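In: Quick one, structure for this:
(chains A and B)
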Amino acid sequence: MTVEFRKDLFADERDDDLVEVGKPTRRQDILGHVTGRSPFYDDHLFEGLLHMRCVRSPHHHARIRSIDTSRAERMPGVVRVLTGADVPNNLNTLLGLMDFGRDDEPLLSTRKVAYRGEPVAAVIADSEARANDAVAEVRVNWEELPCVFDVEEALAPGAPVVNDTYPNNSFDYHDTYDHQKLRFGDVESALASADRVIEGCYEMSPIEQAPLETNGAIAAPETNGRFVCYTSTQALFFSLATASKLLDLPSNRLHFVGGTVGGGFGGKVDSIVEPMALLGCMLTGRPVRFAWDRAEEMQVGAPRGAERWYLTDGVMNDGRIVARRFTGYFDAGAYTRLSSYAIIKATGHLPGPYTIPNVSSDILCVFTNRTPATAMRGFGITGVDFAIESHMDVVAHEIGMDPVELRILNAYRDGDMKPHRRIAKNCALIECAQVAAQKAGWPIGDAFGAMASTRDGGGERAAIPPTVTDRDGRIGERRAGRTGRGERRTIAPTPGQDTAATGTPARSGSAANYAHPAAAPAWQPGTVPQPPRTEQPPPRTEGPPHAPRAPAPARYSRFATNAGLRRR
Amino acid sequence: MAQKPLQFRLNGAEKAVFVEDGANLLDVLRRSVGDLTAKRGCAQGGCGACTVLIDGVPGLSCLTLAETVEGRSVATAGGLPGDGSHPLQEAFMAHFAAQCGFCTPGMLMAATALLESTPHPDRDQVVHALSGNICRCTGYEPIIAAVLEVAGEGGGGRS
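Out: This is a model prediction of the structure:
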């Protein structure tokens, strides 16, 4: 492997006495890997080990009328059959450990299921095969319910309620708001005065982590009143605390052993197998192994969730992006897991690595009857970055500008203010784009080749613009949060509604040629149906007469001065 | 459930165990014999993590009926030196050809079989020989480079 150091870039900011970077190194655990001795959770042997398998819903959404385990209990080799009644504290949300969100997910469902594969019972037997045989003998009387798989359909009036804890089918931020909001500057005014308004819709499918080792855990009694749990978890103490809560057991009675994970990529943080194995162990007094098979890993293993993003950019003819509006929908699946947190991450990432003086964002965490979503490598960022960078290409195409030059022109520079009110430091996008263009033999204009992250940032670009408020002094449109049925509303994008009124901006194409999601509702710019609003929506674009207005985007000066340059 | 006696050679040592009817070789190796080096990734022949050599030929132990190895010779990564001194092990370590390590024993077995039958494979032959083994971490190139280095190709693959 060769590493090329560009010593010409940021030379005065970096020591060159690197000890590890650029030099071959050896993993501390690799001798165990090449000898097959690395101790994965399933590499611990126990006398009298029992095996647990789950009874899972064949339906995406169904009420449980009854569960009959009597036949399964009489099957050969079966030691115990569990249902939700056996779980001491059968409702949890992963981030409840940090008091973020309401408990919304049972370990074993008792009343209804909201995704296909949701567990409702578990069989413990002396072999996996016998456990599987007995699973097939558990009789569940289902009453199928209508289901919803699309985030915007889930928010429409009359949609089936997926998750009873959140009857609006959206996560309640701060227990009140149905979305996570970001406001910086005055997007609507900037859109109205921009030369062009360019819209796009981008969608990312769920992605399964597919670790080679499936999720699993083995729990066994210890002689000191504790239980040991060997687990594939990526989050050992997170799993320990989650098990402690679900099992209503002090955490000092749990002895978790992990650290050797056969691939995780985010798919081994949900802490389901550990409390299940421990519960089986507590109820039988014997070692219990609960290992997902490959089909379960694919069906119920929580993926990176689907996302849908609507972007609206206000762009000047010279390529400056003066406004960017986001409306995002995260498909959490049936339960919250970590999607609410992914949205916090996404919000902090907006509007991408670009200095845009007017940014707004509304992101909803939506419940559907799909497999619950969770962490996966950069979750919260990946989907919106795909949307942002796809949209940058669309914008470049629409205004007839080179896509690399567009990125260089709009990139963060040292000293610039980001929409979440932090100063950009150690920026390097301009230099990365310049080097990448050079390596690829992609010609860029001299002016763009001469730009630098360390120059022309800060100053006016470091200002925090006044926040636009509505007549009630609120930021942006108000959301009712937990409204009654039928009062739910989407934050549908309102592309062009304000700008169209001015008559001035040149309306672009919908960018439909670039990323048109097949599953998206037929969406045309400016024709988004607005669900009925029971609460009077304050106009988003007008502040109260006394409210300070953001500087008009047209006067925004991109490269006005060196004076604001801040050394990092 | 009926138990049957089974005798075979594992990494050169004689083994005699009782196995249940229909037991697969992977479970017998892991639970009856105690050789934990073969891994269960899918139990349906799709991932290669359970690859062992049966009379020198790579096979998927999860799909192999245990009784079919009666009197035969089985090799696993457990037969490789515990100090990592086998050339393939050294090359895997030098090329960072393992991250989580779950696929590594199967990869090593597939590579061992290739080098026994084809001491100097080219890159295409290496790729073909490893094509039944899934790795979700490395992106394969470090593994290919490691095998090519042992094959005397000078580690020609990109890493």
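In: what residues are up against residue 125?
Out: Using chain A here. A:A125 is in contact with A:L50, A:H51, A:R53, A:M75, A:G77, A:V78, A:V79, A:A131, A:D133, A:A134, counting by C-beta atoms under 8 Å, 6 or more residues apart in numbering or on different chains. From N, CA and C alone the C-beta is placed, and that goes for glycine too.
In: meant chain B actually
Out: By C-beta under 8 Å, 6+ apart, the residues touching B:Q125 are B:L114, B:T118.
In: Return the residues of the stretch 151-300 of chain A in contact with chain B.
Out: Contact residues, the stretch 151-300 of chain A versus chain B (C-beta under 8 Å from any C-beta of the partner chain): A:209-214, A:260-265, A:293-294.
In: where do the helices sit along the chain?
Out: With no chain named, the answer covers chain A. Secondary structure of chain A (DSSP state H): helices at A:30-35, A:70-73, A:128-135, A:151-154, A:187-193, A:236-246, A:273-284, A:294-299, A:339-349, A:382-399, A:403-410, A:429-439, A:446-449, A:497-502.
In: was after chain B, sorry
Out: Listed in chain order, the helices of chain B (DSSP H) span B:25-27, B:87-94, B:104-117, B:123-130, B:141-150.
In: Low-confidence stretches in the stretch 51-200 of chain A?
Out: Across the stretch 51-200 of chain A, nothing is flagged by pLDDT under 70.
In: And for the stretch 351-500 of chain A?
Out: Along the stretch 351-500 of chain A, segments meeting pLDDT under 70 span A:476-500.
In: And the residue of it closest to chain B?
Out: Going by C-beta to the nearest C-beta, chain B is nearest to A:R377 of the stretch 351-500 of chain A, at 11.3 Å.
In: What count of nearby residues applies to that residue?
Out: For A:R377, the count of nearby residues is 13 (other C-beta atoms under 10 Å in any protein chain shown).
In: how about the residues of the stretch 351-500 of chain A near chain B?
Out: By C-beta under 8 Å from any C-beta, no part of the stretch 351-500 of chain A sits against chain B.
In: can you give me the strands in the stretch 351-500 of chain A?
Out: For the stretch 351-500 of chain A, applying DSSP state E, counting those that start in this stretch gives strands covering A:359-367.
In: mind checking how far stretch A:260-270 is from the chain centre?
Out: Centroid displacement of stretch A:260-270 relative to its chain, using C-alpha atoms, centre = their mean, to the nearest Å, is 17 Å.
In: Next: stretch A:324-336.
Out: Its chain's average C-alpha position is 8 Å from that of stretch A:324-336, according to C-alpha atoms, centre = their mean.
In: show me the contacts for the nearest residue to A:R253 once chain neighbours are set aside.
Out: Nearest non-adjacent residue to A:R253, counting by C-beta to C-beta, 6 or more residues apart in numbering or on different chains: A:R226, 4.9 Å away. The neighbours of A:R226, taking C-beta under 8 Å, 6+ apart as the test, are A:N252, A:R253, A:L254, A:H255.
In: Just the buried ones from the residues you listed, in PyMOL syntax?
Out: To isolate the buried members of the contacts of A:R226 in PyMOL, using 16 or more other C-beta atoms under 10 Å in any protein chain shown:
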select buried, chain A and resi 254+255
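In: which ones among the contacts of A:R226 are found in strands?
Out: Among those, DSSP state E puts A:L254, A:H255 in strands.
In: With pLDDT and distance to B:G152 as added columns, please give the contacts of A:R226 in JSON lines.
Out: Formatted as JSON lines, the contacts of A:R226 follow (pLDDT from 0 to 100; distance: C-beta to C-beta, whole Å):
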{"residue": "A:N252", "pLDDT": "96", "distance to B:G152": "56"}
{"residue": "A:R253", "pLDDT": "97", "distance to B:G152": "56"}
{"residue": "A:L254", "pLDDT": "98", "distance to B:G152": "52"}
{"residue": "A:H255", "pLDDT": "98", "distance to B:G152": "49"}
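In: Out of the contacts of A:R226, which two sit at the greatest distance?
Out: Spatially, the most separated pair among the contacts of A:R226 is A:N252 and A:H255, at 9.0 Å (C-beta to C-beta).
In: May I see the helices of chain A arranged in CSV, with distance to A:S170 as well?
Out: As requested, the helices of chain A are exported to CSV (distance: least, C-beta to C-beta, whole Å):
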stretch, distance to A:S170
helix A:30-35, 44
helix A:70-73, 38
helix A:128-135, 34
helix A:151-154, 8
helix A:187-193, 22
helix A:236-246, 24
helix A:273-284, 27
helix A:294-299, 25
helix A:339-349, 10
helix A:382-399, 17
helix A:403-410, 32
helix A:429-439, 34
helix A:446-449, 42
helix A:497-502, 23
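In: closest to A:E307 out of those helices?
Out: Between those, helix A:382-399 lies closest to A:E307; by C-beta to C-beta that is 3.6 Å.
In: what's across from the residue found closest to A:E128 once you drop the neighbours it is linked to in the chain in the sheet?
Out: Once flanking residues are discounted, A:E128 sits nearest to A:H51: 4.4 Å by C-beta to C-beta, 6+ apart. With DSSP bridges applied, A:H51 shows beta-bridge pairing to A:A125, A:R289.
In: show me the contacts for A:A72.
Out: A:V78, A:V81, A:V123, A:A134, A:V135, A:E137, A:V138.
In: which ones are touching the closest residue to the third one other than its chain neighbours?
Out: When you say that, I think you mean A:V123. The shortest distance from A:V123 to any residue other than its chain neighbours is 4.4 Å, reached at A:A134 (C-beta to C-beta, 6+ apart). Residues in contact with A:A134 (C-beta under 8 Å, 6+ apart) are A:R53, A:A72, A:E73, A:M75, A:G77, A:V78, A:V81, A:V123, A:A125.
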